[in-house]
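Chemist: Attaching a predicted model along with its sequence, questions to come.
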Amino acid sequence: LCVSTYGVYAREELGWSQGEVSASLSAGAAVTVASQLFLFGRVVKRAGPRGASGLSLGTLGASLAAMTAATAEPAHSAFYLVARAAAGVADTSTAALVAEASSSSDDRARNLALIQSTRAGGRIFLPLLSGRLFEMSAHAARAPGALPYDLVAVIALAMAPLPVLLDPRRAGAEGGEPEGGRPCAEAEKGGAGGAQPGAPGAGQGAEG
């Protein structure tokens, strides 16, 4: 929704030349690759894959909203590059979450293939939707042409808490069953059974 119309948005709404648009897109691609190579690992070490996913989605939404509000330089380009970096981390954390949730190598390969197929399908329809949204907001009084980016910002901010909230380990902890709860219950059952009549220990105690 964002990349396909950014060239038109930058030329018509920001007054950029084609050379400036090309330089901005190249810089954004470089920042995305750099974030995947150098930033993603550090974020995952501190927050885990789910935390990295939620943090990157929240940063993406906030930076896109700020990018459309700040059209003056260098603020606009700074928020744009932050958004591209956050998108790179979010993209890589998705693959990490798939690897974490997959039970086998075949399951992981199937899930990754589904992700790629979904992205390929999105590249068919989303540019059409993005162009339509851009045309709808091109003559708006506030932030003309920014509707595709504002929509993605809202979606990203709404989805940011989901990777952490849907963590199965978190759900298990909130269920109230402590770790090792089942063995303790079995031990208590065994202890109660040892005091039942007919148990070897009970019989010897009675004879004594």
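Modeler: Now that the structure is in, tell me what you want to look at.

Chemist: In this protein, spot the helix with the most residues.
Modeler: Longest helix in the chain, counting residues (DSSP state H): helix 105-137.

Chemist: How far off centre is that one?
Modeler: Centroid displacement of helix 105-137 relative to its chain, using CA atoms, centre = their mean, to the nearest Å, is 15 Å.

Chemist: What is that helix packed up against?
Modeler: helix 3-12, helix 75-101, helix 147-159 (3 or more CB pairs under 8 Å, 6 or more residues apart in numbering; DSSP states H and E). Bear in mind the C-beta positions are built from the backbone N, C-alpha and C, glycine included.

Chemist: mind putting those in CSV, distance to Leu37, mean pLDDT and mean neighbour count included?
Modeler: Listed next are the helices and strands packed on helix 105-137 as CSV, based on distance: least, CB to CB, whole Å; pLDDT from 0 to 100; neighbours: other CB atoms under 10 Å:
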stretch, distance to Leu37, mean pLDDT, mean neighbour count
helix 3-12, 20, 89, 18
helix 75-101, 9, 92, 20
helix 147-159, 22, 95, 19
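
Chemist: looking at those, which is closest to Ala113?
Modeler: Closest to Ala113 of those, according to CB to CB: helix 75-101, at 10.2 Å.

Chemist: tell me the angle that closest one makes with helix 3-12.
Modeler: 180 degrees (axes from the mean of the first three to the mean of the last three CA atoms, to 10 degrees).

Chemist: Counting by contacts, list what helix 75-101 packs against.
Modeler: helix 18-34, helix 40-69, helix 105-137.

Chemist: What I need now is the helices and strands packed on helix 105-137 written out in CSV, including distance to Ser117 for each item.
Modeler: Below are the helices and strands packed on helix 105-137 laid out as CSV (distance: least, CB to CB, whole Å):
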stretch, distance to Ser117
helix 3-12, 19
helix 75-101, 13
helix 147-159, 20
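
Chemist: Looking at those helices, spot the one closest to Thr32.
Modeler: Closest among those, using CB to CB: helix 75-101, at 3.9 Å.

Chemist: Tell me what angle the closest one forms with helix 40-69.
Modeler: 140 degrees.

Chemist: how distant is helix 75-101 from the center of its chain?
Modeler: 8 Å.

Chemist: That one vs helix 105-137, what angle?
Modeler: 150 degrees.
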